[in-house]
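Peer 1: Sequence and computational prediction follow.
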Amino acid sequence: MGCVSTATDLHGRRVLGIIPSAFTKKNLIGKTCGKELKVATMNERLLEMMEFSYAFIALPGGFGTLEELF
């Protein structure tokens, strides 16, 4: 996700990172680009993603990726 968001930002497009606050407290994410929206839970993250997105691209990931797809 980091490579895609960085390339998107470098080419002048909008990037919005929606991050559960638990991830920011433990510094589990790397450097972000674009705007960052912190939410309380993963469920809230999914709701915000649906609100702000026109489409989704699924990249290989872990169990969180499966949850987000289904």
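Peer 2: Looks like it came in fine.

Peer 1: What residues of stretch 4-24 count as buried?
Peer 2: 5-6, 15, 18, 20 (16 or more other Cβ atoms under 10 Å). C-beta: built from backbone N, CA, C; applies to glycine.

Peer 1: which of those lies closest to residue 60?
Peer 2: residue 5 (15.8 Å; Cβ to Cβ).

Peer 1: Surely the closest one forms part of a helix?
Peer 2: Yes: under DSSP: H, G, I helix; E, B strand; the rest coil, residue 5 sits within a helix.

Peer 1: which residues touch it?
Peer 2: 15, 17, 32-34 (Cβ atoms under 8 Å, 6 or more residues apart in numbering).

Peer 1: And the pLDDT at the closest residue to residue 39 other than its chain neighbours?
Peer 2: Spatial nearest neighbour of residue 39, chain neighbours left out: residue 45 (5.1 Å); criterion: Cβ to Cβ, 6 or more residues apart in numbering. With respect to pLDDT, residue 45 scores 89.

Peer 1: Which helix runs longest in this protein?
Peer 2: helix 42-52 (DSSP state H).

Peer 1: just checking, next helix/strand downstream of it?
Peer 2: Counting by DSSP states H and E, the next helix or strand C-terminal to helix 42-52 is helix 63-69.

Peer 1: That following helix: how far from the chain's middle?
Peer 2: Centroid separation for helix 63-69 versus its chain: 12 Å, with Cα atoms, centre = their mean, to the nearest Å.
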